[in-house]
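Q: Quick one, what's the 3D model for this:
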Amino acid sequence: MTDETKVLYNANCPVCSAEINHYAKYTQTNDIPIRFDDLNSSALAAWGLDADKAARRLYVQHGSKRLSGIPAFIVLWQQMPRYNWLARLVSTPGIHRLAVWGYDFVLAPIIYRWHLLRLRRASGKQASTK
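A: This next block holds a predicted model:
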């Protein structure tokens, strides 16, 4: 099994794409082998997730481990020297609990609802142009 790191994210989400594009540029500049897969592309099929589930949170595959949410961010940050400090900080027990709670119950649901709103608006625009 390889230790390759892969990230599944929503490139149609302005928040997600801004953050992931930053990481992608950093990893490319520093020759760090991380693959970034857009859930809106054919790459989604290899993840074994449907688009709705994938849009709800960040997913990272590292070797044989698939993680989502804050644990996924920690693994991603551990792969990038500039962000090792953040991985260590967010891994500390009290901060980890707070970060997981904030991501799972506040940030991820807000971003997901925003995603659904963008989808509804896009389908409404398509319907009105027909």
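Q: contacts and neighbour counts: CA atoms only from here.
A: Noted.
Q: Show me what counts as buried in stretch 70-85.
A: Under the neighbour-count criterion of 16 or more other Cα atoms under 10 Å, stretch 70-85 has 70-80, 84 buried.
Q: Look at residue 37 and give its secondary structure.
A: The three-state label for residue 37, taken from DSSP: H, G, I helix; E, B strand; the rest coil, comes out as strand.
Q: So it is in contact with residue 44, correct?
A: Yes: contact criterion Cα atoms under 8 Å: residue 37 and residue 44 qualify, at 7.2 Å.
Q: Please identify which of these two sits among more neighbours.
A: Here residue 37 and residue 44 are compared on neighbour count by other Cα atoms under 10 Å; more neighbours surround residue 37, at 20 against 17.
Q: Okay, strands next: where are they in this protein?
A: 5-9, 34-38, 59-62, 65-68 (DSSP state E).
Q: what's the longest helix in this structure?
A: Taking DSSP state H as the assignment, the helix of the chain that covers the most residues is helix 108-129.
Q: if you skip the residues just before and after it, what's nearest to residue 115?
A: Excluding the flanking residues, the one nearest residue 115 by Cα to Cα, 6 or more residues apart in numbering is residue 13, at 6.5 Å.
Q: State the distance from that neighbour to residue 56.
A: For residue 13, the distance to residue 56 equals 11 Å [Cα to Cα, to the nearest Å].
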